[in-house]
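K.L.:
Can you look at this prediction? I've put the sequence above it.
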Amino acid sequence: MSNRFSPAPFYKLVLLFLDCLGFYAAFQLAYYLRLGDWVAPDLWLKLAPVLGFTLVMMYVFDVYKLQDRLHFFRDLLRLALALLLSASMVILGAYLVGLKGFGGLTGRGVLIGAYLFFAIWSAIWRVVLHTRVKGLEQKSRWLVIGTRDYLVQFLKDYEKSPHDVQLVCLTQKRYDPDAGDFGDFEKYVQGSWEDVPAKLKEQWRGIVVATGQQIPEHLVDQLMEIRFQGTRVYDLSDFYEAVWRKVPVFYLQGGWFALSQGFHLLHNPIGLRIKRVGDIFCAGLIMILGFPIMLLAAILVLITSGWPIIYTQKRRGLNGEDFIIYKFRSMKQDAEKHGAQWSKEGDARVTVWGKFMRATRIDELPQIWNIFRGDMSFIGPRPERPEFIKELGEKIPFYNFRHLVRPGLTGWAQVMYPYGATIEDAKEKLQFELYYIKSYSLILDWLVLLKTATVVLFGKGR
C-alpha cells in the first residue's frame, strides 16, 4: 500500500530521476570541457553500473530523506562523503582492476569534474524539493475518527514521526475542551463523532478510523461514499503499516493474526529455503572477507580486557527454543556478577574498545557461526535473553509471536528505531518486528541491509 500521508515518497522518486539525469549530464559536461567531444554511446552503457553504485552509496549515507527537518550542513556533508567515497571506489576499480574502455571517463580529471558538477546539481535539488515537500505537508489535512485511548496513542506516534501535516481528530464521546481528556493533544481534537457528517464535506488528503468497536451504520455509508470519490480511508492498522511501517500492537486482537493478509514467510517453504541458502552464502563470504577484522578485534579484546575473548549467552530463537549466541566480549569480565541486567546507553560496564565494537557492530561478527548453525538468519528480530522474555511476554501483547521466525543479526526494528532498553522500547520494536514478519520479501531484506549500513555509519538504532 502506498504512503499517501506525505508527498515525500513521490518527490523521492522525482529526486531519484533528477539524480540519474544530473549524473549523466555532469559526466557529459566534464567530458566535453576536458576533451572537447561528446561521450560515445558505448560509454553511456558502461557508466550505468557507476551510476548504480553511486545511488546505493547515496542511499546508505541517508541523503534521500525529504520529510525530515533540513540540517543543511549535516546533509551537505553526508552528500559530499557519499560522492567522495563513490568517486574513490570507481577510480580504484578503474585503475586497479583495469576496467576496459573506461579511460575516457576516469582519465584527465573527467571523473573528478563530473562528481563535482553532480554534487552541486544534487545539493541544489535537495534543498528545492525539501522545501516543496514541507510546504505541501503543511497544507495537507487528515481527519482521524476514533475513541480516546486509540487517538491518544496515535497522536503520540504522530508527534514522534517526521511528518508535519495538519490533523483534525474527532472523538467518540461528546467533546468538552475544558475536561482535559487529551492533555497535550487537545490542539488536535475539534469535535466528536456527531461532527463527522459536517467534517466529511471538507477537503481531506485522507481519513483514519481508529476505533476497536463498530461505528454507526450511517457513518459507514458516508465513509464509503467519500472513499468512492477518491479519498483514501484507512483502518488504523492499515495506516500504521502503510505510513510508519509497523503494526500497532495496542490496536490488535487475536483474530487479526488469523485473518489478516500477509505472513507469507510462515507458510512458504521455498521462500524459507531461499532465505536459508542466502544466509549460508553471505555468512561464508563475510567469514572470508571479514577474517582480518575479526582477528584484529580478538587481539584488541585480549589486550584491553584479557580473557575470555568470546562472550557466550543464552538467547531465545525460532519456535521459542534456546541457543547459545557468540559475541566478542565488549563488557568488563564481572559485568553480570549481580545477575542479568538490561544494557543501557552509556553503560559503565562497557570497555573502551567495546564501545567502538558496539558502535560499528564488530562485536556481532562471531554470530556468523550462529547463522551457519541455523540458530539465526541475517535478517530477523534480534534474539532476546530468556530472563527478560518472561517479563516482556507478560507485559506486551503478542510478544512471543516474534519467535515465529529465526532471529537475525540485524532486523527491521534495529534500523527503524533508536537504541532503547526499556519495556516501552521492547514494545515499540515488537511493532516493527511484526511488520517484518507480516510483510516479508527479499526486497525488504535488501532494504534492511542497506539501512543497516546507514546505522553503522551514523550510529542510529541497535
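P.N.:
In hand now; what should we look at?

K.L.:
can you pull out the strands in the stretch 301-450 of the chain?
P.N.:
Counting by DSSP state E, counting those that start in this stretch, one finds strands in the stretch 301-450 of the chain at the ranges 310-316, 322-328, 377-379, 408-410.

K.L.:
Tell me which of those strands lies nearest to Cys282.
P.N.:
Proximity to Cys282 (C-beta to C-beta) singles out strand 377-379 among these, at 5.8 Å. Yep, even glycine has a C-beta here, placed from its N, CA and C like the rest.

K.L.:
Walk me through which strands the closest one pairs with, and which way each runs.
P.N.:
Here strand 377-379 is paired, per DSSP bridges, with strand 408-410 (parallel).

K.L.:
Domain boundaries for this structure, per the record?
P.N.:
8-137, 140-244, 265-458 (automatic domain parsing).

K.L.:
Mean pLDDT, distance to Phe257 and mean neighbour count added to the ones you listed, as JSON lines?
P.N.:
Formatted as JSON lines, the domains of the chain follow (pLDDT from 0 to 100; distance: least, C-beta to C-beta, whole Å; neighbours: other C-beta atoms under 10 Å):
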{"stretch": "domain 8-137", "mean pLDDT": "82", "distance to Phe257": "28", "mean neighbour count": "16"}
{"stretch": "domain 140-244", "mean pLDDT": "87", "distance to Phe257": "11", "mean neighbour count": "16"}
{"stretch": "domain 265-458", "mean pLDDT": "89", "distance to Phe257": "7", "mean neighbour count": "17"}
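
K.L.:
distance of the most centrally placed residue in the chain from Arg406?
P.N.:
The chain has Met416 as the residue nearest its centroid, 3.8 Å off, counting by C-alpha atoms, centre = their mean. Counting by C-beta to C-beta, to the nearest Å, the gap from Met416 to Arg406 is 19 Å.

K.L.:
do the same with His163
P.N.:
Going from His163 to Arg406 by C-beta to C-beta gives 33 Å.

K.L.:
go on, Arg78?
P.N.:
From Arg78 to Arg406 the distance is 33 Å (C-beta to C-beta).

K.L.:
Check Gly374 too.
P.N.:
8 Å.

K.L.:
ranges for the helices of the stretch 301-450 of the chain?
P.N.:
In the stretch 301-450 of the chain, the helices defined using DSSP state H, counting those that start in this stretch lie at 352-360, 368-373, 386-395, 412-416, 423-439, 442-458.

K.L.:
can you state the direction angle for the fifth one and helix 442-458?
P.N.:
Orientation of helix 423-439 against helix 442-458 (axes from the mean of the first three to the mean of the last three C-alpha atoms, to 10 degrees) gives an angle of 150 degrees.

K.L.:
by contact count, what packs against helix 423-439?
P.N.:
The contact analysis (3 or more C-beta pairs under 8 Å, 6 or more residues apart in numbering; DSSP states H and E) places helix 423-439 against helix 386-395, helix 412-416.

K.L.:
Taking helix 386-395 as reference, get the angle to it.
P.N.:
Using the same axes, to 10 degrees: helix 423-439 against helix 386-395 is 80 degrees.

K.L.:
ok, residues contacting helix 423-439?
P.N.:
Helix 423-439 is contacted from outside by 240-241, 245-249, 260, 262-263, 265-266, 379-382, 384, 391-392, 395-396, 398-399, 401-402, 404-405, 411-414, 416-417, 420, 444, 448, using C-beta atoms under 8 Å, 6 or more residues apart in numbering.

K.L.:
at 7 Å what do you get?
P.N.:
Counting contacts by C-beta atoms under 7 Å, 6 or more residues apart in numbering, the residues outside helix 423-439 that touch it are 241, 245-249, 262-263, 265, 381, 392, 395-396, 399, 401-402, 404-405, 411-413, 416-417, 444.

K.L.:
cool, the first one as well?
P.N.:
Contact partners of helix 352-360, identified using C-beta under 7 Å, 6+ apart, comprise Ala297, Leu300, Val301, Thr304, Phe328, Ser330, Met331, Val350, Asp363, Val456, Gly459.

K.L.:
Phe185 and Lys156 touch, don't they?
P.N.:
No - the criterion here is C-beta atoms under 7 Å, and Phe185 misses it with Lys156 at 8.0 Å.

K.L.:
shared neighbours of these two, anything?
P.N.:
Residues touching both Phe185 and Lys156 (C-beta under 7 Å, 6+ apart): none.

K.L.:
Mind putting the strands of the stretch 301-450 of the chain into TSV with distance to Gly254?
P.N.:
Formatted as TSV, the strands of the stretch 301-450 of the chain follow (distance: least, C-beta to C-beta, whole Å):
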stretch	distance to Gly254
strand 310-316	22
strand 322-328	26
strand 377-379	26
strand 408-410	25
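
K.L.:
just the helices in the stretch 51-200 of the chain please.
P.N.:
Under DSSP H, counting those that start in this stretch, the stretch 51-200 of the chain gives helices at 72-92, 103-106, 110-139, 148-160, 196-199.

K.L.:
Tell me which of the ones you listed sits nearest to Leu21.
P.N.:
Set against Leu21 and scored by C-beta to C-beta, the helices of the stretch 51-200 of the chain come closest in helix 110-139, at 8.8 Å.

K.L.:
So which elements touch the closest one?
P.N.:
Helix 110-139 sits against helix 8-35, helix 72-92, with contacts defined as 3 or more C-beta pairs under 7 Å, 6 or more residues apart in numbering; DSSP states H and E.

K.L.:
Output those as JSON lines; include the columns distance to Phe117.
P.N.:
As requested, the helices and strands packed on helix 110-139 are arranged in JSON lines below (distance: least, C-beta to C-beta, whole Å):
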{"stretch": "helix 8-35", "distance to Phe117": "4"}
{"stretch": "helix 72-92", "distance to Phe117": "11"}
